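Asks: next come a sequence and a model predicted from it.
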Amino acid sequence: SLTEQKLHPTVCFVSFCGSYVKSSVTQIERRFDIPSSLIGVIDGSFEIGNLLVIAFVSYFGAKFHRPRLIAVGCLIMAVGSFLMALPHFFQGPYKYETSVSHSKNVNSTESILPCMTNHSMAAADETIDLKTQTDCEKTAGSYMWFYVLVGNLLRGIGETPIMPLGVSYVDDFSREENTPFYLACIHTVGILGPMFGYMLGSFLAKIYVDIGSVDLDTLTITYKDSRWVGAWWLGFIVTGAVVLLSSIPFWFLPKSLPKQGQEQSESKNTQLATVQEQENFLPEENQEHEEKEKPVTFQELAKDFIPSLRRLFNNSIYSMMILTYLVAVNGFIGLITFKPKYMEQIYGHSASKSIFLIGILNLPAVALGIITGGFVLKRFKLGVVGAARVSIASSFGSLCLLCIQIFVRCENAEVAGLTVSYQGVPQVSYNQQTLLSQCNMGCSCSTKHWDPVCSYNGLTYTSPCLAGCQTSTGTGKEMVFHNCTCVGEMMTPGMNMSVELGQCPRKGDCDYMFKIYMTLSVVGSFISACGGTPGYIVLLRSIQQDLKSLALGMQTLIVRTLGGIPPPIYFGALIDRTCLKWGTKLCGGRGACRIYDSDSFRITFMGLITGLYFLSNMLWGVLYLKLVKKQKKIELRNQAKENALEGNGVSNGHASISIAKNKDDTDKESTI
C-alpha cells in the first residue's frame, strides 16, 4: 500500500536516529567532561519526552489527520537533532588536557624538557578562586550539555506519533490478511535503522571533533585515546536532515484512504466517483458511530477508568508479565547504553571499533532472533503455555551466557601508580600519592593531568613528567620523550629509556578473550531475542478483549517510565564508582573518567545485568506456574462441560442450542 511504502523508510530513519544517540554517548561524555550518571540523564530524556505526550497522542491522535501528525512528529525530531548539534558551534575548539605544550614547530628536533618545565605545573593542583572558575566556565560553555538534553527531549516528543498512528493508519486501509505482513515488514525494516545508526557512529568516532578548523598534524592523540572526541555533532545534523526529508511524503497523504482491494474502475471519472462514494460513506459511518457514542460522556468514561484499572491489575498473569518485562528492560537498557564503554575499558578497543561491532554483529543477531521466535510459534502452532516455554527457555539461555561473560576478562591495563606500582607490582590502593615516586619526585609534576605515555617495557605512565622524562624530540603524534628516570628503574643499564605518546596496548591474550566475549554476546543476543515474540503473545492472551487497549497503554507507560529512564542513571552512577583517574576540566574540577578499574567495572556492570536477568527468570518461573495452573483449570472445566453436553443431548431435544451456548463460553474461557 502507499502508506506502507512511506512508513517503511520513516520507521527505519527514526530508529536510525535513536541508535545514533546510543552510539555517541561516549563522545558527548568526553566533549562536555561530564560523568556517566549525567550521560544517563541525557539518554533518559528521550523517554521522558515520549511519556509527556504519549497519552494525548494515543487517545486523540486517531481523531486528527494522522499522516500530518506523523509529519509534525518528524519535524519536531529534526528540530531536536539540530538543537543537539548546536553546542558544537558555540563552544569553540575542543582542548584536551595535556601536561606538556605540544605545539607544531618547523624545527622538529627542538627539545621540550617535561621534567624541568613542570615545576610550574604544581600550581595547577591548587584550587583557583570562585570568580575565576565561574568566568572560565562561562567562557568554556560548561553547561552546553543542557542543549543536548533538551534536544533529546524534543526527539522523544516527536517520535511518539510515528509508530502508533502509522501502524493504525496501515491497518485501517489494508486488507485484513495483508496487515500482519505489512507490520512484519515495518518491524523488520526498523531493525535496519539501528545498524545504520551504529555504523554512522563508528565512522564519525574516528573523525576529530573540530575537523576543518584545526590542523590535525598538531594533534598528539588518536581515536584510540580516552581524550579523543569524534565528530558527534555531525551525526545529529545528518540524522536531523534525514528525518526532515522523510516527513515530506506524509504532508501529502489524505486523512483517509479507500480500503485496499476495493473495486475501482480504470476510468478516471469512475475512480473519482468511487472516492466520492467512499468519502460520502465515511461520514455516515462516523455519524452513526458518533450517535452510538453520544450517550457516553467524559464523566462516565472517567468513572469507568478506575474500575477498569482495578480489573486489569487484578489479573495476576498480566501484573506478573508487566513486572517481568520491567525487570528485563532495566537490564537490557543498562546493557545497550554502556556496552561500548565496557568493550573499550575491559578489552582495550577504541570506541569506534566497539560501536561498529555492535552494529554489524549484535543487531543482526537480534533481528534474526525475533524472526526465529515468530517462526517457531507458527511452525509448531504453540498456544499460550507453549509460547511461555519458548520465552523461559530463551531467557534462561541468555542468563547462562551472561554468567559466563562475567568470567571472560583481560588483565587491568598496567598504569604506573594506578594499577601497578612504579616497579610493575600490582597494587590495591589508588590515589594521587601513588602517582608520585622517588624517580619523579624532583620534577614537581601535577598528578591531575592525564597525558599517557608508553614505555618499551609495556608500562603506561600518566604523563611524561611522571615518567621522569628529561628531553623530547619530534612533534605532534610522533613526539618521543627520552631519558625517563622511572623507565630506567625497570630496565637493565643500556636499555631504551624512552616513551611514546599514548597508552600501551593490552597483552596478547586479550584479543583472544575478546573474541570469546563477542561470540558469547552475539549468541546471547540471538537467544534472548527469540523469546521476544512469544513473550508478547503471552501478554496479549492474558488480557480481556475490552481492556486490551488500556492494558497495552499501561504496559507502555510503566515499562518506559520505570524501565527506560532510571537504568542509564543508576548504571552510570555505579560505573563512576569504579573510575581510577578522572580527567581535569580547563577550569579545574572533575571531568570525564579517563581509565577505570577493569575488574571492578566488569563485576559491577555484568553483575548488575546478570542479577536483573536472574530476577526476570525467577518471575518467568512464577508466571509459568500460574499459566499451567490456569490451563489445567480450563481443561477440567471444558471436560466437565463436554460431559454435561453429552447428558443434555440424550435427555432432551434442545441439544443444539445448549452446545452452541456452551461452545461460546468455552472459547471465551480458553483465552487466558
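Replies: In hand now; what should we look at?
Asks: now do the SS call for S213.
Replies: Three-state assignment for S213 (DSSP: H, G, I helix; E, B strand; the rest coil): coil.
Asks: I meant to write Y422 there.
Replies: Y422 is classified as coil under three-state DSSP.
Asks: verify the stated contact: it with E489.
Replies: Yes - Y422 lies in contact with E489 (Cβ atoms under 8 Å); the separation is 6.5 Å. Yep, even glycine has a C-beta here, placed from its N, CA and C like the rest.
Asks: mind listing the shared neighbours of the two?
Replies: Common contact partners of Y422 and E489 (Cβ atoms under 8 Å, 6 or more residues apart in numbering): C439.
Asks: neighbour count winner among these two?
Replies: The neighbour comparison of Y422 against E489 (other Cβ atoms under 10 Å) goes to Y422, with 24 against 16.
Asks: ok, that one to L435 distance?
Replies: 9 Å (Cβ to Cβ, to the nearest Å).
Asks: what do the two both touch?
Replies: A416.
Asks: got a list of what S36 touches?
Replies: Residues counted as contacts of S36 (Cβ under 8 Å, 6+ apart) are E29, F338, K341, F571, G572, A573, I575, D576, C593.
Asks: wait, I meant P161
Replies: Applying Cβ under 8 Å, 6+ apart, the residues contacting P161 are V57, G61, R66, L69, I70, V72, G73.
Asks: what's the closest non-adjacent residue to it?
Replies: G73 (4.4 Å; Cβ to Cβ, 6 or more residues apart in numbering).
Asks: the one you found: what's it in contact with?
Replies: The contact partners of G73, taken as Cβ under 8 Å, 6+ apart, are I157, G158, E159, T160, P161, I162, S247.
Asks: outline the domain layout of the chain.
Replies: 1-101+109-117+142-215+227-258, 311-411+506-643, 433-505 (the TED database).
Asks: look up how far G564 lies from G40.
Replies: Where G564 is concerned, G40 sits at a distance of 11 Å (Cβ to Cβ).
Asks: hang on, I meant V229
Replies: Counting by Cβ to Cβ, the gap from V229 to G564 is 27 Å.
Asks: which one of those two has more residues nearby?
Replies: Using other Cβ under 10 Å, the more surrounded residue of V229 and G564 is V229, with 24 against 21.
Asks: verify the stated contact: the more buried one with Y94.
Replies: Yes - look at V229 against Y94 with Cβ under 8 Å: they come within range, at 5.5 Å.
Asks: ends of stretch 401-420, how far apart?
Replies: Terminal residues of stretch 401-420 lie 31 Å apart, using Cα to Cα, to the nearest Å.
Asks: which positions in that stretch come out as buried?
Replies: Across stretch 401-420, burial judged by 16 or more other Cβ atoms under 10 Å covers 401-402, 405, 408-410, 412-420.
Asks: from these, pick the one nearest F332.
Replies: Nearest to F332 among those is L402, at 11.2 Å by Cβ to Cβ.
Asks: which residue packs closest to that closest one, ignoring adjacent ones?
Replies: T610 (4.7 Å).
Asks: host element of that neighbour?
Replies: helix 598-651 (DSSP states H and E).
Asks: helices or strands up against that helix?
Replies: helix 316-347, helix 384-406, helix 566-576, helix 655-670 (3 or more Cβ pairs under 8 Å, 6 or more residues apart in numbering; DSSP states H and E).
Asks: turn these into a markdown table, columns for mean pLDDT.
Replies: Converted to a markdown table, those look like this (pLDDT from 0 to 100):
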| stretch | mean pLDDT |
| --- | --- |
| helix 316-347 | 94 |
| helix 384-406 | 95 |
| helix 566-576 | 95 |
| helix 655-670 | 42 |
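Asks: dump those into a markdown table; add distance to V148 as well.
Replies: A markdown table is the format used below for the helices and strands packed on helix 598-651 (distance: least, Cβ to Cβ, whole Å):
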| stretch | distance to V148 |
| --- | --- |
| helix 316-347 | 15 |
| helix 384-406 | 31 |
| helix 566-576 | 14 |
| helix 655-670 | 51 |
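Asks: closest to F90 out of those?
Replies: helix 566-576 (25.2 Å).
Asks: name the residues of that closest one that are buried.
Replies: Neighbour-count burial for helix 566-576 [16+ other Cβ under 10 Å]: P566, P567, P568, I569, F571, G572, L574, I575, D576.
Asks: what is it packed up against?
Replies: Under the contact criterion of 3+ Cβ pairs under 8 Å, 6+ apart, helix 566-576 touches helix 36-60, helix 316-347, helix 598-651.
Asks: figure out how far the helix or strand following it is from the centre of its chain.
Replies: The C-terminal neighbour of helix 566-576 among helices and strands, as given by DSSP H and E, is strand 579-584. The chain centroid and the centroid of strand 579-584 are separated by 25 Å under Cα atoms, centre = their mean, to the nearest Å.
Asks: cool, and stretch 451-469?
Replies: Averaging C-alpha positions (Cα atoms, centre = their mean) puts stretch 451-469 36 Å from its chain's average.
Asks: show me what counts as buried in it.
Replies: Buried residues in stretch 451-469 (16+ other Cβ under 10 Å): 451-455, 459-469.
Asks: where does pLDDT dip in the stretch 151-300 of the chain?
Replies: Applying pLDDT under 70 to the stretch 151-300 of the chain flags residues 167-191, 256-300.
Asks: look up phi and psi at L501.
Replies: Per-residue torsions, L501: phi -70, psi 140 (degrees, to the nearest 10).
Asks: let me redo that: G591
Replies: The phi and psi values for G591, taken as degrees, to the nearest 10, are phi -100, psi -140.
Asks: wait, what's in contact with it?
Replies: G591 neighbours (Cβ under 8 Å, 6+ apart): D33, I34, E97, W582, G583, T584, K585.
Asks: assign a three-state SS to P93, would you?
Replies: P93 - assigned by three-state DSSP - is coil.
Asks: how close does it sit to W233?
Replies: 13 Å.
Asks: so the two - more neighbours on which side?
Replies: Set P93 next to W233 and count neighbours by other Cβ under 10 Å: W233 wins out with 24 against 8.
Asks: the more buried one contacts A85, doesn't it?
Replies: Yes - using Cβ under 8 Å, W233 is in contact with A85, at 4.2 Å.
Asks: and the strands in the chain, which stretches?
Replies: Using DSSP state E, the strands of the chain run over 453-455, 460-461, 471-473, 480-482, 499-501, 579-584, 590-596.
Asks: so for N440, which of the helices and strands packed on helix 598-651 sits nearest?
Replies: Of the helices and strands packed on helix 598-651, nearest to N440 by Cβ to Cβ is helix 316-347, at 25.9 Å.
Asks: just how off-centre is that closest one within its chain?
Replies: In this view, helix 316-347 has its centroid 10 Å away from the chain centroid, taken as Cα atoms, centre = their mean.
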